[in-house]
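[1] Build me a model from this:
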Amino acid sequence: HGNTDNSRPDAYPKVDLADCNTQRVLNDEGRKVATEVGGYFRQARIPILEVIYSPLCRARDSAQLAFGRMGVKLRQELNLMYLGNFTTEEKKPILGMTRQLLSQPVAAGGNRVLVAHAPNLADLMGYFVKPEGTVVVIRPLDAGRFEYVGSIHPADWPSLLASGKASAAVVPTAHIEGDR
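    Numbering: from 1, shown residues only. Coordinates of the predicted model:
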């Protein structure tokens, strides 16, 4: 997801998914970054089959700003929601779903985009994504396995587009991460 207002932490354990006032939300820069990342995907002509997002407002809003006008299916997945205060037991279904979505093959000719949270990947592969709004490129290998290909920071897109390398940079699963 895009950049957030870190002065407003999630109101754990009383986070209400229907009330963004109980959550850390996108700031103006985060809304700008999410919109720009979606524009970069369009400029690079990266085919997207589906966008799956965490139900937290910052991820949902990022997904809608980036991909809402592209005519692709946007789907909320409760088990992508990740809060820093979760216990090991609370994290298990989230990490299981994240692993499943990252490792599951994508139909030929398209990509799956996950809009979620940096701790999802930090716990799965020891990589904490920075800055917020970074696209992490993952190659699904099936059977719960995936391969990290690379990351695209928001500021890197213009030079990638200018070089013609942006569309080659994305393979079947892109994971847009946030959370510091």
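[2] Could I get the buried residue list for stretch 148-165?
    If you call a residue buried by 16 or more other Cβ atoms under 10 Å, then stretch 148-165 has these buried ones: 151-152, 154, 157, 160. For every residue, glycine as well, the C-beta is placed using N, CA and C.
[3] same thing with stretch 71-89?
    72, 74, 76-77, 79-83, 86.
[4] Would you convert the buried residues of stretch 148-165 into JSON lines that also reports secondary structure and distance to Val25?
    Converted to JSON lines, the buried residues of stretch 148-165 look like this (DSSP: H, G, I helix; E, B strand; the rest coil; distance: Cβ to Cβ, whole Å):
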{"residue": "Ser151", "secondary structure": "strand", "distance to Val25": "24"}
{"residue": "Ile152", "secondary structure": "strand", "distance to Val25": "24"}
{"residue": "Pro154", "secondary structure": "helix", "distance to Val25": "18"}
{"residue": "Trp157", "secondary structure": "helix", "distance to Val25": "23"}
{"residue": "Leu160", "secondary structure": "helix", "distance to Val25": "28"}
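[5] could I get those residues as CSV with pLDDT?
    Below are these laid out as CSV (pLDDT from 0 to 100):
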residue, pLDDT
Ser151, 93
Ile152, 94
Pro154, 94
Trp157, 94
Leu160, 89
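[6] and the least confident of the buried residues of stretch 71-89?
    Note: of the buried residues of stretch 71-89, the lowest pLDDT belongs to Leu83, at 87.
[7] Tell me the secondary structure at that one.
    Assigned by DSSP: H, G, I helix; E, B strand; the rest coil, the conformation of Leu83 is coil.
[8] about what we covered before: could I get the buried residues of stretch 148-165 in CSV, plus columns for distance to Lys14?
    Shown next, in CSV, are these (distance: Cβ to Cβ, whole Å):
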residue, distance to Lys14
Ser151, 33
Ile152, 35
Pro154, 31
Trp157, 37
Leu160, 41
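[9] Which one of the buried residues of stretch 71-89 is nearest to Pro119?
    Using Cβ to Cβ, Tyr82 comes nearest to Pro119 of these, at 5.0 Å.
[10] For the closest residue to that closest one other than its chain neighbours, the count of nearby residues, please.
    Take Tyr82 and drop its neighbours on the chain: the residue closest to it by Cβ to Cβ, 6 or more residues apart in numbering is His117, 4.2 Å away. By the criterion of other Cβ atoms under 10 Å, His117 has 26 neighbours.
[11] now swap in Pro131 and tell me
    If you count neighbours by other Cβ under 10 Å, Pro131 ends up with 16.
[12] Distance check, Gly126 against Asn3.
    23 Å (Cβ to Cβ, to the nearest Å).
[13] go on, Pro154?
    Taking Cβ to Cβ, one finds Pro154 at 9 Å from Asn3.
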